[in-house]
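Trainee: one predicted model, sequence on top.
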Amino acid sequence: MAQYRRVSGSVGLITLQNPPVNALSASVRQGIVDSVKRALGDQKVKSVVICGQNGVFCGGADIREFGRQMSGPPLVPMIHDIEAANKPVVAAIEGSALGGGLELALGCHYRISHSKAVVYHCFIMTMSDQAKLGLPEVTLGLLPAAGGTQRLPRLIGVPAALNLITTGRHVTAAEALQLGILDHVTEHNTVDVAVKFALSVTGESLDGRRISSFSCAPLSDLDSLFEEAMLKVRSAARGAIAPVACVQAVRAAATLPYAQGMEREKELMATLFHSGQARALQYFFFAQRAVGRWSTPSGARWDTSQPRPVRKAAVIGLGTMGRGITVALAQAGLSVVAVETHAKQLMEATKAVPSMLKRGAVRGGTTIEPDSITYSQNLQAVADVDLVIEAVFEDMALKEKVFQQLSIICKPDTLLCTNTSSLDVDHLASQTRHPELVVGMHFFAPAHVMKLLEVVYGRRSSPAAVATAMQLGKKMGKVSVAVGNCRGFAGNRMLKRYLEQAFFLLEEGATPELVDRALEEFGFPMGVFRMSDLSGLDVGWRVRKADGLADTSLTGTSARVRQGCRYSPLGDLLCEHGRFGQKTGRGWYQYDKPGGRVAKSDPWLHNFLDEYRARHGLVPRCIDQQEVLERCLFVLINEGFQILEEGIAAGPEDIDAIYVFGYGWPRHRGGPMFYADMVGLERVVERLERYHQAHPDVPYLQPSGLLRRLVANGSPPIHKWRNVIKNRNSQL
Ligand SMILES: CC/C=C\C=C\CC(=O)SCCNC(=O)CCNC(=O)[C@H](O)C(C)(C)COP(=O)(O)OP(=O)(O)OC[C@H]1O[C@@H](n2cnc3c(N)ncnc32)[C@H](O)[C@@H]1OP(=O)(O)O
């Protein structure tokens, strides 16, 4: 849909109409084609303005159409006809011009945008500082194939275009003006300004305005520029094909005439359009948005639960996590009371937090109100806050005490949140006078950087408490995912299974290098052992000791059995040798010094594994990468199905968002649950069963009930799983 009318006597105004972002659906494209034809054929019309309704120019191609049979006029000739028009066409850009939206604007002869505006989305009005422009196709596994890879480098130069196209980043109108994407920026009504501008350029020659006729500005060393760009994209997203194709397409712009460049762009797009990676990334685009529409088994929902206002918050405990949370809250514009009872730790925090804020402000180009944080050694300082985030040491007795005190000190309606990675939120709630106001907020380190936040609702958490924590997470720039209360919640519970399998694989003959290589080639930034060295082996050891698992005095067969299940004490044994990972310079790998970052293979470790296997009569066998991936990933996925079955996560999108944002799961593989769908649920079941038969004593290799039920239901696609999950047993 596009509305056409003549304004100011001689300007044909075309308004894209497809709420909420005026995506270029088949009918919008048809509307544009028809309107342009009308404008060009109308003698009275001397110039044309294209804009979008409700303050949004265009969010690009309609992503929902990608999986379907394409219909309607294609984008490339549509944009070509606009550029070839003999009347000036001006793009009036409000809100966003992204993907095909920006490509449409690049086909126009002039581009005008706003630096301050009111933007409407779904009838909700929000203030937006400036319009945002970009070619984010790469984030959807695609490239800008409506001439974007050919026109942008011709307009703003190869290096700047390479940066925008390979990262997909959005730029503000101010930056776009600086780059040369825009001709003019206004603080007034963009469409009015564009119409006036269109009147002013009526009859002027358009020879120098058609970007396809430009040549790219010459560069001295194209080869090294593109080599460098290729290295950069390959290391940023290992195995992702779209960024590589983007570099190749821009190279075509730099080296070929426009028409041939367009052919190359088309060719490259054809390799991406139906790829599994494009499917995964497009699924993930919608999954991210789906997690915001949270619900709990008790019936609380995102659209019926009213969040409470939070202006002043407190953080208790200023260790690494507490400091990060303090920074994240201050960056979100809240007034923060930061409490630490240990004088030395408090003193260190008062220096560390401001410098973290400063670094963040420099990175983000923002300003921070330095007085927004007050520090105290006294818990009484939290008496008037709206919300508390407890971030003391992960020890139930200590947390119990803090919650008992908070319950007395705080206002009766203060929300009490615990930053725990695995402890029982219901138990902590039971220590307070208002258990309905208690929720978990599981941050990931570093808390002011990592995007993920698990919001853990307990048995008695009120809908308002969950809604408030979810909204606060969003305000802090996090992807908040609502999960139920169980040991490790969703993310760490699944991770535990993955780690265990990695240990079992070492017992059976694998090495940390082999396991890590397989996982890194799959796309993880780090394999499980390198990651474990980075985060510190002692963290898990402490938990296992508290759980009565890390007992290395056991000998014989009982050394490898705990609570009736097979158990690998390898991690515990390493810790007993003082090998805590990078911090001690030794772990699963060796480092040149404590705190060193470069992991090197360690002969001591291989020797240790040989001796361990010999001691327990384990005959090492050859393990290939496929087995590593299947054992580690399928068991993690299997636990994901168990979590869905129990209602700990509402849908597969929640688990996928947790894994991509919190655990480095490669985004171009969509998340673990999407990956299972891609591989085929039947295959996941078949492989798990096979491994279970081969290793009957290894726990968690038996396919979960839900996974089996889905297969029995004909393995429906991921967006239909919720129908099968409906009959699950609720946790609440
Ligand atoms: C042969 C040629 C073939 C292909 C050519 C492809 C070129 C392209 O244009 S690919 C698409 C490129 N565009 C994008 O990647 C933009 C994606 N959208 C966004 O980044 C944001 O939505 C936004 C436009 C910046 C607006 O953000 P915000 O205000 O925060 O709203 P959201 O919650 O993100 O979105 C609201 C609502 O709209 C849906 N939506 C957004 N963009 C699209 C789109 N391009 N197609 C279809 N639907 C879109 C989004 O999913 C939300 O709906 P939900 O129901 O909540 O999911």
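Mentor: The structure has been received and is ready for your questions.
Trainee: got the contact list for the nearest residue to Asp426 once chain neighbours are set aside?
Mentor: Using CB to CB, 6 or more residues apart in numbering and skipping the chain neighbours, the partner closest in space to Asp426 is Gly458 (4.5 Å). All C-beta atoms are positioned from the backbone trio N, CA, C, and that covers glycine. Applying CB atoms under 8 Å, 6 or more residues apart in numbering, we find Gly458 in contact with 425-426, 429, 435, 438-440, 485.
Trainee: just send the residues you listed back as JSON lines, with distance to the ligand, neighbour count and pLDDT too.
Mentor: Shown next, in JSON lines, are the contacts of Gly458 (distance: CB to the nearest ligand atom, whole Å; neighbours: other CB atoms under 10 Å; pLDDT from 0 to 100):
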{"residue": "Val425", "distance to the ligand": "28", "neighbour count": "26", "pLDDT": "97"}
{"residue": "Asp426", "distance to the ligand": "32", "neighbour count": "17", "pLDDT": "97"}
{"residue": "Ala429", "distance to the ligand": "32", "neighbour count": "25", "pLDDT": "97"}
{"residue": "Pro435", "distance to the ligand": "32", "neighbour count": "21", "pLDDT": "97"}
{"residue": "Val438", "distance to the ligand": "30", "neighbour count": "29", "pLDDT": "98"}
{"residue": "Val439", "distance to the ligand": "24", "neighbour count": "27", "pLDDT": "98"}
{"residue": "Gly440", "distance to the ligand": "26", "neighbour count": "29", "pLDDT": "98"}
{"residue": "Asn485", "distance to the ligand": "27", "neighbour count": "22", "pLDDT": "97"}
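Trainee: these in strands, which ones?
Mentor: 438-440 (DSSP state E).
Trainee: before we move on, what's the pLDDT of the residue of the stretch 601-732 of the chain found nearest the ligand?
Mentor: Closest approach between the stretch 601-732 of the chain and the ligand, counting by CB to the nearest ligand atom: Glu653, at 10.6 Å. On the pLDDT scale, Glu653 is placed at 98.
Trainee: when you give positions from now on, start the count at 723
Mentor: In the new numbering, first residue 723, that becomes Glu1375.
Trainee: wait, it sits on Gly1014?
Mentor: No: Glu1375 is beyond contact range of Gly1014, at 10.0 Å (criterion: CB atoms under 8 Å).
Trainee: so what sits against both of those two?
Mentor: Shared contacts of Glu1375 and Gly1014 (CB under 8 Å, 6+ apart): none.
Trainee: when those two are compared, which one has more neighbours?
Mentor: For Glu1375 versus Gly1014, neighbours defined as other CB atoms under 10 Å are more numerous around Glu1375 (27 against 15).
Trainee: which SSE is the more buried one in?
Mentor: Per DSSP states H and E: Glu1375 is located in helix 1374-1384.
Trainee: just the CA trace of that helix, in CSV.
Mentor: Written as CSV, here are the backbone C-alpha positions of helix 1374-1384 (Å, rounded to 0.1, in the frame of the first residue of the first chain):
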residue,chain,number,x,y,z
PRO,A,1374,12.0,-22.3,22.1
GLU,A,1375,12.7,-18.7,21.3
ASP,A,1376,13.4,-17.9,24.9
ILE,A,1377,16.1,-20.7,25.1
ASP,A,1378,17.6,-19.6,21.8
ALA,A,1379,17.8,-15.9,22.9
ILE,A,1380,19.5,-17.1,26.2
TYR,A,1381,22.1,-19.1,24.3
VAL,A,1382,22.9,-16.5,21.6
PHE,A,1383,23.1,-13.5,24.0
GLY,A,1384,24.5,-15.3,27.1
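Trainee: keeping just the C-alphas, turn the next helix or strand after that helix into CSV.
Mentor: Going down the chain from helix 1374-1384, the next helix or strand is helix 1394-1401, by DSSP H and E. The C-alpha trace of helix 1394-1401 is given here as CSV (Å, rounded to 0.1, in the frame of the first residue of the first chain):
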residue,chain,number,x,y,z
PRO,A,1394,20.1,-24.6,20.1
MET,A,1395,16.4,-25.2,19.6
PHE,A,1396,16.4,-23.8,16.1
TYR,A,1397,19.5,-25.9,15.4
ALA,A,1398,17.6,-29.0,16.5
ASP,A,1399,14.8,-28.1,14.1
MET,A,1400,17.3,-27.6,11.3
VAL,A,1401,19.1,-30.9,12.0
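Trainee: quick one: helix 1394-1401 to chain centroid distance?
Mentor: 17 Å (CA atoms, centre = their mean, to the nearest Å).
Trainee: and it, what does it pack against?
Mentor: Helix 1394-1401 sits against helix 998-1012, helix 1357-1368, helix 1374-1384, with contacts defined as 3 or more CB pairs under 8 Å, 6 or more residues apart in numbering; DSSP states H and E.
Trainee: can you list the strands that the very next helix or strand once past the longest one pairs with?
Mentor: If I follow you right, that is helix 998-1012. Using DSSP H and E, the helix or strand that directly follows helix 998-1012 along the chain is strand 1034-1038. Strand 1034-1038 pairs in its sheet with strand 1057-1061 (parallel), strand 1109-1112 (parallel), by DSSP bridges.
Trainee: would you check that Ser793 makes contact with Ala748?
Mentor: Yes: using CB under 8 Å, Ser793 is in contact with Ala748, at 4.9 Å.
Trainee: beta-bridge partners for Ser1057, please?
Mentor: Lys1034.
Trainee: secondary structure element for Val812?
Mentor: Using DSSP H and E, Val812 sits within strand 811-815.
Trainee: how far does that strand sit from the chain's center?
Mentor: On CA atoms, centre = their mean, the centre of strand 811-815 falls 32 Å from the chain's centre.
Trainee: confidence-wise, which helix or strand of this protein is lowest on average?
Mentor: strand 846-850 (a mean of 40; mean pLDDT, DSSP states H and E).
Trainee: what's the following helix or strand after that one?
Mentor: Following strand 846-850 in sequence order, the next helix or strand is strand 854-856 (DSSP H and E).
Trainee: in its sheet, what does that next one sit against?
Mentor: In the sheet, strand 854-856 lines up with strand 818-820 (parallel), strand 893-894 (antiparallel) (DSSP bridges).
Trainee: could you dump these into JSON lines and include distance to the ligand?
Mentor: Listed next are these as JSON lines, based on distance: least, CB to the nearest ligand atom, whole Å:
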{"stretch": "strand 818-820", "distance to the ligand": "4"}
{"stretch": "strand 893-894", "distance to the ligand": "12"}
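Trainee: pLDDT value on Val1420, please?
Mentor: Note on Val1420: pLDDT of 89.
Trainee: element containing it, please.
Mentor: Assigned by DSSP H and E, Val1420 falls outside every helix and strand.
Trainee: what's the offset of the helix holding Glu1375 from the middle of its chain?
Mentor: In terms of CA atoms, centre = their mean, the centre of helix 1374-1384 is found 8 Å from the chain centre.
Trainee: give me the buried positions along that helix.
Mentor: 1374-1384 (16 or more other CB atoms under 10 Å).
Trainee: run the chain-centre distance for the helix or strand hosting Arg1045.
Mentor: According to DSSP H and E, Arg1045 maps onto helix 1042-1053. Centroid displacement of helix 1042-1053 relative to its chain, using CA atoms, centre = their mean, is 20 Å.
Trainee: one more: stretch 1385-1396?
Mentor: 10 Å.
Trainee: near the ligand at all, that stretch?
Mentor: No: Stretch 1385-1396 is not in contact with the ligand by CB under 6 Å from any ligand atom; minimum separation 13.6 Å.
Trainee: and that stretch, end to end?
Mentor: 15 Å (CA to CA, to the nearest Å).
Trainee: quick revisit: let me have the ones in strands among the contacts of Gly1180 in a markdown table, extended by distance to Leu1432.
Mentor: Listed next are the ones in strands among the contacts of Gly1180 as a markdown table, based on distance: CB to CB, whole Å:
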| residue | distance to Leu1432 |
| --- | --- |
| Val1160 | 34 |
| Val1161 | 30 |
| Gly1162 | 29 |
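Trainee: for stretch 902-910, buried residues please.
Mentor: Residues 903-905, 907-908 are the ones in stretch 902-910 that count as buried (16+ other CB under 10 Å).
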